[in-house]
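>>> Starting from these lines, generate the structure:
(chains A and B)
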2 protein chains.
Amino acid sequence: MAEPFSFTLKAQDGSARTGAIATPSGVVRTPAFMPVGTGATVKAMFPEDVAAAGADILLANTYHLMLRPGAERIAKLGGIHQFMHWEKPILTDSGGYQVMSLAKLRRIDEAGVTFQSHIDGATVALSPERAMEVQCLLGADIQMVLDECTPFPATRDEARASLELSLRWAERSKTAFAALRTPGQAVFGIVQGSVYPDLRAQSAGALIEVGFDGYAIGGLAVGEGQSAMLDMVEVTAAVLPQDRPRYLMGVGTPEDLLQSIARGIDMFDCVMPTRSGRHCQAFTWGGKLNLRNARYAEDATPLDPDSACPAARYERAYLHHLVKSGETLGAMLLSYANVQFYQELMQAAREAIAHGRFASFAEEVSRGYRDAGEPDDSDA
Amino acid sequence: MAEPFSFTLKAQDGSARTGAIATPSGVVRTPAFMPVGTGATVKAMFPEDVAAAGADILLANTYHLMLRPGAERIAKLGGIHQFMHWEKPILTDSGGYQVMSLAKLRRIDEAGVTFQSHIDGATVALSPERAMEVQCLLGADIQMVLDECTPFPATRDEARASLELSLRWAERSKTAFAALRTPGQAVFGIVQGSVYPDLRAQSAGALIEVGFDGYAIGGLAVGEGQSAMLDMVEVTAAVLPQDRPRYLMGVGTPEDLLQSIARGIDMFDCVMPTRSGRHCQAFTWGGKLNLRNARYAEDATPLDPDSACPAARYERAYLHHLVKSGETLGAMLLSYANVQFYQELMQAAREAIAHGRFASFAEEVSRGYRDAGEPDDSDA
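Below is the predicted model of the structure:
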């Protein structure tokens, strides 16, 4: 029997919250960071290590999976959880963002978007109804409405027209989802409105009226800068209901996460830990390291003495050797260590909120990140 | 206290043997297959998974490690075992083979070889003495004399001149090793002689006179074909002492291994399981599979239902998706499954020898490999 979807708040500390989302595939502790498993794999990681790192949920990309291997094929093979050997909760995005950023866009109109696949050039149509159908075929626990991610910068008129189109798509998405969902599956709306506070409030208010299981904040981290992003998060979170999860899409650095949690965000996703891992960057409790730097060539210190991750026990000198040699194991170890660091950061945030000391915790971690500007000697 | 090096024969079945090699870092069950960890990493595998796959020993490449990160640096960091997080036995080759195959060779003379690094073009000299010094700095349990891997084809005169040079180098290598070794470390001689039975016997006899802890057969699997290779293995094994391990270098396919074990070989190394894994090929108990083939797109069968490897539990459809998408996880899973298959094959061979049924076991496995010529539909 699938559990119904629910969100339970356990503690608040200022605007920061900690709680739990129940889904058919298990419980997600919040604040939660979702590693990104674009093509049904969190890049360069075994799924059991993603779980061992502490992740309760991961994100998979509708756009990629509908193109390859195809949603119908994944459904035939038992759904996305079984396909990718991940039994815990999965959230799928709607595909809208990737259509705008990756595909050669052919047309966007009231019906939806038509685009050319970046893989084989095939023409593909994505409507709000098809986006929900694909996500239901995949069998995601939490699904997202199709929206237009408003480009940045946008004039107020452009931003308003865009959010209103997204709103009409959100209503159609909800209707389609209601007809296709299996018990316990949830759908989230997505707030747009660019960097205009009143448009953000308008978008949020209208979505609340339609009624969703949770609310995402989209169209941020697209070039507006951290300060404008946090302003929009604050404005939007203030009008979102207390009893629904709030998800800031595509964010971000450790400091972005802490600042957003302080403003009431419960969920995040970002490619940063895995992409950085493939590019020689490590996130640690002591700050960010570039393992290509020659300073690590004979450094016998473990990557992160303060992390419990098995990958963080490897010495920096060895990691330096691996990344300089282009060895896959370097990307494997750094991806694992980064994904676990993000999870340890969320776990520490949850505990700090529960104990009413989130502000000092966030300040302490952020200080390490601001001070860790190591000199770049990676050519040496 | 380091254990002394020893080789104990436990059972024989025809010419096939099973036994155990004791080294300072632990015991190696024979017949043994050594995964190749060229640059201090078995490519795309965590070291704990190499151990979990059943490997008692791995091979690291002197040539690669002396160029990057450097033998002196690895020594400073505690030696190769600590550097690459592998506590079990390690065998290092002498670097000679890679100098011939990878480097821009500058000069080969009585003193040794001088070459240009394939990494940065630096001029590097490798003598028999330096080859042993490098291996002792690395701290390998089993070390190899510097030899010239006779190119194929070679005339009888070329082959004789080459093996005689290798023999003089072997004597110098032994002397250098004796001055540098720590207790329990062993050094192996390498038999050359191309495809000339009498030269093979001459080379082996001369090396036995010098006296080594074990004997390798080099200069095979270089284009002479399986039949000529097996003839040379048989001729050489017949003159090698019963009480020393015999190591066939750079071999091979599952059938090569079984045929060579039948002729008295105890140890192997080859990049085949890991390289094939990175190129979409899987070795299974049912034969060899090319996961790119379209026939696997909706095949929900586990990669190898008869393997105990965790990676072999993944469905072929998922692996097909991963390799078609170029995802690192595909190479990770196939490398792991292949390395474990080779280890399971060696374990089964050891048991078959102990029970006096090696010939029928080898015939049964080889039949699966001969029959598994699947049609190639990888473009579909």
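
>>> which residues does the residue nearest to A:E234 when sequence neighbours are not counted contact?
Among residues not flanking A:E234 along the chain, A:R263 sits closest, at 4.7 Å (CB to CB, 6 or more residues apart in numbering or on different chains). Backbone N, C-alpha and C define where each C-beta goes, glycine included. Taking CB atoms under 8 Å, 6 or more residues apart in numbering or on different chains, we find A:R263 in contact with A:S15, A:L230, A:V233, A:E234, A:A237.

>>> Equivalent analysis for A:R160, please.
With contact set as CB under 8 Å, 6+ apart, A:R160 has these partners: A:G193, A:L199, A:Q202.

>>> Thought A:R156 was touching the second one, still the case?
Yes - counting by CB atoms under 8 Å, A:R156 is a contact partner of A:L199 at 7.1 Å.

>>> Between these two, which is the more surrounded one?
A:L199 (23 against 13; other CB atoms under 10 Å in any protein chain shown).

>>> so which strand or helix has the more buried one?
Element membership for A:L199 (DSSP states H and E) is helix A:197-210.

>>> Where does the prediction get shaky in chain A?
Along chain A, the parts satisfying pLDDT under 70 run over A:1-3, A:371-380.

>>> Show me which residues of it are close to chain B?
Contact residues (CB under 8 Å from any CB of the partner chain) of chain A with chain B: A:39-41, A:43-46, A:48, A:68-69, A:73, A:76-78, A:83-85, A:297-298, A:300, A:310, A:314-315, A:317-318, A:320-322, A:324-325, A:327-329, A:331-333.

>>> Drop anything exposed from the residues you listed.
Among the residues of chain A next to chain B, those classed as buried by 16 or more other CB atoms under 10 Å in any protein chain shown are A:39-41, A:43-46, A:69, A:73, A:77, A:83-85, A:297, A:310, A:314-315, A:317-318, A:320-322, A:324-325, A:327-329, A:331-333.

>>> Among those, which ones are in strands?
With strands taken from DSSP state E, there is no overlap with these.

>>> Distance check, A:Y369 against B:D304.
From A:Y369 over to B:D304 the distance is 45 Å, taken as CB to CB, to the nearest Å.

>>> Settle it for me: which of these two has more neighbours?
Just comparing A:Y369 and B:D304: by other CB under 10 Å the higher neighbour count belongs to B:D304, 25 against 17.

>>> what are the phi and psi angles of the more buried one?
According to degrees, to the nearest 10, the main-chain angles of B:D304 amount to phi -140, psi 100.

>>> I figured it hits B:K288, correct?
No - contact criterion CB under 8 Å: B:D304 and B:K288 do not qualify, at 11.0 Å.

>>> okay, and the common contacts of these two?
Here B:D304 and B:K288 have B:A282 as joint contacts, going by CB under 8 Å, 6+ apart.

>>> Closest one of the contacts of A:R160 to chain B?
Comparing the contacts of A:R160 against chain B with CB to the nearest CB places A:G193 closest, at 34.8 Å.

>>> helix, strand or coil for the closest one?
Assigned with DSSP: H, G, I helix; E, B strand; the rest coil, A:G193 falls in the coil class.

>>> where's it relative to A:A348, distance?
32 Å.

>>> Check A:S325 too.
Per CB to CB, A:S325 is found 34 Å from A:A348.

>>> Between its first and last residues, what's the separation in stretch A:176-188?
Using CA to CA, to the nearest Å, one end of stretch A:176-188 lies 13 Å from the other.

>>> Sorry, slip of the keys, the one I care about is stretch A:246-258.
This stretch, stretch A:246-258, spans 14 Å end to end (CA to CA).

>>> So what's the gap between that stretch and the chain middle?
Centroid separation between stretch A:246-258 and its chain, computed with CA atoms, centre = their mean, to the nearest Å, is 8 Å.

>>> Stretch A:7-19 now?
19 Å.

>>> Likewise for stretch A:212-223?
How far stretch A:212-223 lies from its chain's middle: 10 Å, per CA atoms, centre = their mean.

>>> Please identify the buried residues of that stretch?
Across stretch A:212-223, burial judged by 16+ other CB under 10 Å covers A:F212, A:D213, A:G214, A:Y215, A:A216, A:I217, A:G218, A:G219, A:L220, A:A221, A:V222.

>>> same check, this time on stretch A:16-28
A:A16, A:R17, A:T18, A:G19, A:A20, A:I21, A:A22, A:T23, A:P24, A:S25, A:V27, A:V28.

>>> Please apply the same query to stretch A:223-240.
For stretch A:223-240, by 16+ other CB under 10 Å, it's A:224, A:226, A:229-237, A:239-240.

>>> Next: stretch A:359-375.
For stretch A:359-375, the neighbour count (16+ other CB under 10 Å) marks A:F361, A:A362, A:V365, A:Y369 as buried.

>>> And for the residue lying closest to the first one once chain neighbours are set aside, the neighbour number?
Leaving aside its chain neighbours, A:F361 sits nearest to A:A352 (3.8 Å; criterion: CB to CB, 6+ apart). Applying other CB under 10 Å, we find 22 other residues in the vicinity of A:A352.

>>> any idea which element A:A352 lies in?
helix A:328-354.

>>> rewinding a little: and the buried residues of stretch A:212-223, which two are furthest apart?
For the buried residues of stretch A:212-223, the maximum inter-member distance is 24.9 Å, found between A:D213 and A:V222 (CB to CB).

>>> For the contacts of A:R160, give me a markdown table that also has distance to A:Q143.
Output for the contacts of A:R160, formatted as a markdown table (distance: CB to CB, whole Å):
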| residue | distance to A:Q143 |
| --- | --- |
| A:G193 | 22 |
| A:L199 | 25 |
| A:Q202 | 24 |
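
>>> and the closest residue to A:D147 other than its chain neighbours, what does it touch?
Nearest residue to A:D147, sequence neighbours excluded (CB to CB, 6+ apart): A:S166, at 4.0 Å. Going by CB under 8 Å, 6+ apart, A:S166 touches A:V145, A:D147, A:E148, A:T150, A:I190, A:Q192, A:S203.

>>> Filter those down to the ones in strands?
A:I190.

>>> Now the buried members of the contacts of A:S166.
Buried members of the contacts of A:S166, counted by 16+ other CB under 10 Å: A:V145, A:D147, A:E148, A:T150, A:I190, A:Q192, A:S203.

>>> Identify the residue spatially nearest to the residue of the stretch 51-200 of chain A found nearest chain B, adjacent ones excluded.
Relative to chain B, the nearest point of the stretch 51-200 of chain A is A:P69 (4.7 Å; CB to the nearest CB). Using CB to CB, 6+ apart and skipping residues adjacent in sequence, the residue nearest A:P69 is B:H321, 4.7 Å away.

>>> Can you get me a residue count around A:Q343?
24.

>>> so what's the residue nearest to it when sequence neighbours are not counted up against?
Among residues not flanking A:Q343 along the chain, A:G54 sits closest, at 3.3 Å (CB to CB, 6+ apart). Neighbouring residues of A:G54 by CB under 8 Å, 6+ apart: A:Q340, A:Q343, A:E344, A:M346, A:Q347.

>>> Compute the distance between the third one and A:T18, please.
Just to be clear, that refers to A:E344. Look at A:E344 and A:T18: by CB to CB, they are 15 Å apart.

>>> go on, the fourth one?
In this view, A:M346 and A:T18 are 10 Å apart by CB to CB.

>>> between these two, what contacts are shared?
A:R29, A:P31.

>>> A:G211: neighbour count?
11.

>>> Excluding residues flanking it in the chain, which one is nearest it?
Using CB to CB, 6+ apart, the nearest residue to A:G211 is A:K174, at 7.5 Å.

>>> Please identify the helix or strand for that neighbour.
Using DSSP H and E, A:K174 sits within helix A:156-180.

>>> residues of that helix that come out buried?
A:159-160, A:162-167, A:169-174, A:176-177.

>>> And stretch A:95-113, by the same measure?
By 16+ other CB under 10 Å, the buried positions in stretch A:95-113 come out as A:G95, A:G96, A:Y97, A:Q98, A:V99, A:M100, A:L102, A:A103, A:I108, A:G112, A:V113.
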